[in-house]
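> Just need the structure, nothing else, for what follows:
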Amino acid sequence: MNIDLSKLNYTFQKKPILVGGKAMEYYDLRKAGSDIDFIAHEKDVVELILLYPERVKDLWGDLGVCPFEFEIWRTIVFFDYNYFLRDATEQENYFIVSLEKLLFMKALGMKKEKYLEDVKLIVENIINKKYEDLEKEMDHNTQLLEGIQNISYIEKLGPTS
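Numbering: from 1, shown residues only. Predicted coordinates for the structure are as follows:
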């Protein structure tokens, strides 16, 4: 995924972090809309506001600047750049938020139907990826329990062998 940041006419001091629909698209969860959302370091957000003072948003204390198709935020529900940077995937000009942080971000907004649907897509993706290891995990559990007599499951779900 290549996102051209050159039209901003700005060089980021720290690579911004891609979030939102384009991050969903990166993880092959759904197609993105027309806007491109980033979390940026606060120094970059301030510098961008100096360049685009007529394109500023403040949503309940989350400060952002929205030139062209970009929405560049200092925070999302006061979670900042350093929070979203953890476990992000580095690209040439930006990072992509981790799937787990994207899930968290979408869960914060799940009162909106769109974000609730995104939560469901991400959770389904995570579960499907983990279940790719089901056979290996079941074999490991069998080894762990080897030699233990009289096991009586009070609940056991999943495939039977």
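
> Look up how far Tyr115 lies from the most centrally placed residue in the chain.
Centrality entry for the chain: nearest residue to the mean C-alpha point is Leu102, 2.0 Å, by CA atoms, centre = their mean. Here Leu102 is placed at a distance of 11 Å from Tyr115 (CB to CB, to the nearest Å). C-beta coordinates here come from the backbone N, C-alpha and C atoms, glycine included.

> For the helix or strand bottoming out on mean pLDDT in the chain, list the C-alpha coordinates in CSV.
Here the helix or strand of the chain ranked lowest by mean pLDDT, DSSP states H and E is helix 134-145, holding a mean of 92. Output in CSV follows, covering the C-alpha atoms of helix 134-145 (Å, rounded to 0.1, in the frame of the first residue of the first chain):
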residue,chain,number,x,y,z
LEU,A,134,-5.8,-25.4,16.1
GLU,A,135,-4.3,-28.8,15.3
LYS,A,136,-0.9,-27.8,16.7
GLU,A,137,-2.5,-26.5,19.9
MET,A,138,-4.7,-29.6,20.3
ASP,A,139,-1.6,-31.9,19.9
HIS,A,140,0.2,-29.8,22.5
ASN,A,141,-2.7,-30.1,24.9
THR,A,142,-2.7,-33.9,24.4
GLN,A,143,1.0,-34.0,25.3
LEU,A,144,0.4,-31.8,28.4
LEU,A,145,-2.3,-34.2,29.6
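
> Could you list every helix and strand in contact with that helix?
In terms of contacts (3 or more CB pairs under 8 Å, 6 or more residues apart in numbering; DSSP states H and E), helix 134-145 is packed against no helix or strand at all.

> how far does it sit from the chain's center?
Averaging C-alpha positions (CA atoms, centre = their mean, to the nearest Å) puts helix 134-145 31 Å from its chain's average.

> same check, this time on stretch 38-53
21 Å.

> Contact partners for the nearest residue to Tyr52 once chain neighbours are set aside?
Using CB to CB, 6 or more residues apart in numbering and skipping residues adjacent in sequence, the residue nearest Tyr52 is Pro67, 4.3 Å away. Pro67 is in contact with 8, 48, 51-52, 55, counting by CB atoms under 8 Å, 6 or more residues apart in numbering.

> what angle separates the longest helix belonging to the chain from helix 134-145?
Criterion DSSP state H: the longest helix present in the chain is helix 113-131. In terms of direction (axes from the mean of the first three to the mean of the last three CA atoms, to 10 degrees), helix 113-131 departs from helix 134-145 by 60 degrees.
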